[in-house]
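Student: Quick one, structure for this:
(one chain, ligands or ions: 2)
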Amino acid sequence: MNTSLLQPFALNDTLTLANRFVMAPLTRCMAGPGLVPTEQMAAYYGRRADVGLIVSEAVIIRPDGQGYPNTPGLYSPEQIQGWRKVTDAVHAGGGKIFAQLWHVGRLSHPFFHHAEVLAPSAVAFEGTVPRMRELSYQTPRALTSAEIAQLVRDYAQAAANAIDAGFDGVEIHGANGYLIDQFLHHDTNLRTDEYGGSPTNMARFALEVVDAIAARIGGERTGLRLSPGAYVHLNGDARDRAVFDHLVGELDRRTLAYLHVGIFDDTLSFDYLGGRASDYLRAHYHGTLIGVGQLSAESAAEAIHAGRFDLAAIGRPLIANPDYIRRVRDGAELVPYSEAMLAELI
Ligand code: FNR
Ligand code: 8K6
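Tutor: Ligands and ions are numbered 1, 2, ... in the order given. Sure, this is the predicted structure:
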């Protein structure tokens, strides 16, 4: 492999990464009681500190944002303390780590928090909760505008908590069909108020969250993950294109740490985007772009040299290979990923 991916990359004036590899956010469902990060999680992230930037597994911003068992939070003092161990371990190894801030919207279930399931509109997701197949998703209640304003404040507070916990920044989870993405697609946003009905309105919540967090912790510490191509948890609609054109155009006028494609397989082509989600974002956004989706070190190097994106996020291979960077540097074989590996943190 061309070793240039292993050279430092200046994300901005505040943050320089040791190399151009990013650990993709990977939900592991291993938090302890109270959704507090554990010592095992600190050791797991610490083992990967030589990756240029670690994006944490998705972290819920408040109790009703939970959609899977044992996903960590960032709203209680105990959770902040737990994350401090994680960020210390990563920093001790010379790494950088962002927290991925998450609310699942309609993909939550009262089983987790005994509260209502909230979403842009009262449109249910057909199916059952992964790992808890006896739980069927419910029809959510549409958020009021006062509740939307509260959510924006809760995202900003979670970002401030992340900085308190020692994170270098946050990645807003605006991808994969969760709450923010539910506002951005016509399948799940049927609102007729200032948060629905037009591209400007449908993009409003995402931009309010971005702006509230950037105002609180700095735009240079704020990244955003987006899925302009719908591929999981909701259906795409040709009209979504105009929503993302507006949103990404607005993001392009702001100074953020980066945009990150939310996808599992970046060879997927979306009719309404005119091709791959990453190519669409590259064409409309001029800041740092993180590509992802079944990348190898070789295909990542090719894509970066071709200018398709700037940084390469690696997911499943980093579950299987805590020493991924060393193996790439040495040209060593990688251990193949298998789903059975999700059972423990190696
Ligand atoms: C994921 N992915 C994911 N994405 C995200 O934005 N937040 C998350 O918490 C998770 N969690 C998660 C768990 C597991 C077990 C997998 C396999 C994936 C998606 C992930 O970040 C990435 O986009 C995909 O895995 C594609 O990259 P790879 O695995 O092909 O390199
Ligand atoms: C973000 C929370 C996810 C919880 C665990 C997800 C595990 C998924 C692992 C299988 C990956 C297969 C890729 C298929 C693409 C469709 C996306 C689910």
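Student: give me every residue that touches residue 240.
Tutor: 184-186, 228, 230, 272 (Cβ atoms under 8 Å, 6 or more residues apart in numbering). For the C-beta atoms, the positions are set from N, CA and C on the backbone; glycine is no exception.
Student: Mind putting those into CSV with secondary structure and neighbour count?
Tutor: Below are the contacts of residue 240 laid out as CSV (DSSP: H, G, I helix; E, B strand; the rest coil; neighbours: other Cβ atoms under 10 Å):
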residue, secondary structure, neighbour count
184, helix, 28
185, coil, 23
186, coil, 19
228, coil, 28
230, coil, 22
272, helix, 16
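Student: Mind putting these into JSON lines with pLDDT and distance to ligand 1?
Tutor: Below are the contacts of residue 240 laid out as JSON lines (pLDDT from 0 to 100; distance: Cβ to the nearest ligand atom, whole Å):
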{"residue": "184", "pLDDT": "98", "distance to ligand 1": "15"}
{"residue": "185", "pLDDT": "98", "distance to ligand 1": "16"}
{"residue": "186", "pLDDT": "98", "distance to ligand 1": "22"}
{"residue": "228", "pLDDT": "98", "distance to ligand 1": "14"}
{"residue": "230", "pLDDT": "96", "distance to ligand 1": "14"}
{"residue": "272", "pLDDT": "97", "distance to ligand 1": "21"}
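Student: So which of the residues you listed is the closest to residue 323?
Tutor: Comparing the contacts of residue 240 against residue 323 with Cβ to Cβ places residue 228 closest, at 33.6 Å.
Student: Assign a three-state SS to the closest residue to the closest one other than its chain neighbours, would you?
Tutor: Nearest residue to residue 228 in three dimensions, chain neighbours excluded: residue 244, at 4.3 Å (Cβ to Cβ, 6 or more residues apart in numbering). Following DSSP: H, G, I helix; E, B strand; the rest coil, we place residue 244 in the helix state.
Student: Residue 244: neighbouring residues, count only.
Tutor: 26 (other Cβ atoms under 10 Å).
Student: now swap in residue 193 and tell me
Tutor: Residue 193 has 12 nearby residues by other Cβ under 10 Å.
Student: cool, and the one 4 residues further on?
Tutor: Residues near residue 197, counting by other Cβ under 10 Å, number 14.
Student: ok, and the closest non-adjacent residue to it?
Tutor: Take residue 197 and drop its neighbours on the chain: the residue closest to it by Cβ to Cβ, 6+ apart is residue 191, 6.6 Å away.
Student: Distance check, residue 306 against ligand 2.
Tutor: Counting by Cβ to the nearest ligand atom, to the nearest Å, the gap between residue 306 and ligand 2 amounts to 25 Å.
Student: whoops, I mixed them up, residue 120
Tutor: 19 Å.
Student: number of nearby residues for that residue?
Tutor: 26.
Student: before we move on, the earlier item: the residue nearest to residue 228 against residue 184, yeah?
Tutor: Yes. At 7.0 Å, residue 244 counts as touching residue 184 under the criterion of Cβ atoms under 8 Å.
Student: overlap in contacts of these two?
Tutor: 203, 226.
Student: and the stretch 1-150 of the chain, which of its residues are near ligand 2?
Tutor: Counting by Cβ under 6 Å from any ligand atom, the positions of the stretch 1-150 of the chain adjacent to ligand 2 are 27, 58, 68.
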